[in-house]
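[1] Below is the sequence, then the predicted model.
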Amino acid sequence: MRLFNTLPVVLATLASSPAVSAYAAPGACSGVCNNAHDPSIIRRQSDGTYFRFSTGNKIAIHTAPSLPGPWTYKCAMLPSGSSIPLNGNQDLWAPDVVQVGNTYYVSYTVSAFGGQDSAIGLATSDSMDCGSFKDLGATGVESHAGDNYNAIDSQIFKDGNSYQMQFGSFWSNLYQVSMNNPPLKSTGPNRHLAFQPAGTHPEEAPYMIKNGNYYYLFWSEGSCCHLDTDRPAPGAEYKIKVCRSSSATGGFVSLSFLF
């Protein structure tokens, strides 16, 4: 691990980290359980229904009476696509759902695979029922060719009375920006959370939780795609990593591999 004065923390793969030798046994799932890329799940308090939002089909919505299922496809969250005027606004990625008061907020990505012309949008609903989502468009988090980050893979996190949005994939990896309350727009500036200096800098999809006195930042790292034809080298497999901090804004200390 190397620390920079200008960054909260720079995370590297530690030589002392144990090798990945196992993976978590997946739980039971019935119904429509395939093609659930980048899933985000929440339970509606009014009736106990679970909602799953996932990449594709303009953010696919599935529901189930319990986490194991049976999961049923319901509809596209934004059947007309996003109002953000970027390439990819009809192929939305990486949703994240959070409840704020009586409203459900779903952040999503507009981008083209492998590029940096990207933006994070937002849709809201009071029920999550089909046809109820209102597209609010851009949150103010965006990136373009030449930036140090890629504005994809967002998560909105509530910390007391404030909100933070984590995001990022490859380039200089993981970033964070403060949001207003309610979390409709970013208030900037961006903060750098984590960086893998080796290789192609393969960190993405940050997700934060708080447990006790610590904030835990999870992310995916490694070779993620086309694994059926291009197997990663040992140590470069796609995996989940975690670090922690006593503050939601850093600095974070590596806790090694999870899976």
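    Yep, it's here.
[2] wait, doesn't Leu86 sit right on Gln116?
    No - counting by CB atoms under 8 Å, Leu86 stays clear of Gln116, with 10.8 Å between them. The C-beta positions use only the backbone N, C-alpha and C, and glycine is treated the same way.
[3] Now do the strands in the stretch 151-259 of the chain.
    With DSSP state E, counting those that start in this stretch as the criterion, the stretch 151-259 of the chain has strands at 155-159, 162-167, 174-179, 191-194, 203-211, 214-221, 239-245, 253-257.
[4] Give me the packing partners of the second one, helices and strands only.
    Translated: strand 162-167. When contacts are defined as 3 or more CB pairs under 8 Å, 6 or more residues apart in numbering; DSSP states H and E, strand 162-167 packs onto strand 134-143, strand 155-159, strand 174-179, strand 203-211.
[5] Show me what counts as buried in the last one.
    Judged by neighbour count using 16 or more other CB atoms under 10 Å, the buried positions of strand 203-211 are Glu203, Glu204, Ala205, Pro206, Tyr207, Met208.
[6] Quick check: mean pLDDT of it?
    Per-residue pLDDT values over strand 203-211 give a mean of 92.
[7] and what of the shortest one?
    The average pLDDT for strand 155-159 rounds to 96.
[8] Next, the buried residues of that strand.
    In strand 155-159, counting by 16+ other CB under 10 Å, buried: Gln155, Ile156, Phe157, Lys158.
[9] Quick check: the second one vs Gln164, distance?
    Pointing back at Ile156 there. From Ile156 across to Gln164, the span is 8 Å (CB to CB, to the nearest Å).
[10] shared neighbours of the two, anything?
    Counting by CB atoms under 8 Å, 6 or more residues apart in numbering, the contacts common to Ile156 and Gln164 are Met179.
[11] Burial check on the closest residue in space to Ala151 that isn't next to it in sequence, number of neighbours?
    Leaving aside its chain neighbours, Ala151 sits nearest to Ser143 (4.0 Å; criterion: CB to CB, 6 or more residues apart in numbering). By other CB atoms under 10 Å, 24 other residues sit near Ser143.
[12] now Cys130
    The number of residues packed near Cys130 is 14, by other CB under 10 Å.
[13] ok, now Thr124?
    Burial of Thr124 is recorded as 17 neighbouring residues (other CB under 10 Å).
[14] For it, give its distance to Ser118.
    For Thr124, the distance to Ser118 (CB to CB) stands at 21 Å.
[15] ok, which pair from the buried residues of strand 155-159 is furthest apart?
    Pairwise distances among the buried residues of strand 155-159 were taken by CB to CB; the largest, 10.8 Å, belongs to Gln155 and Lys158.
[16] Compare the helices and strands packed on strand 162-167 and give me the one nearest Gly69.
    The nearest among the helices and strands packed on strand 162-167, by CB to CB, is strand 203-211 at 22.7 Å.
[17] Just list what the closest one packs against, helices and strands only.
    For strand 203-211, the packing partners by 3+ CB pairs under 8 Å, 6+ apart are strand 155-159, strand 162-167, strand 174-179, strand 191-194, strand 214-221.
[18] ok, residues contacting it?
    Contacts with strand 203-211, where a contact means CB under 8 Å, 6+ apart, come from 11, 38, 94, 152-153, 155, 157, 159, 164, 166-170, 173-174, 176, 193-196, 215-221, 224, 241, 248.
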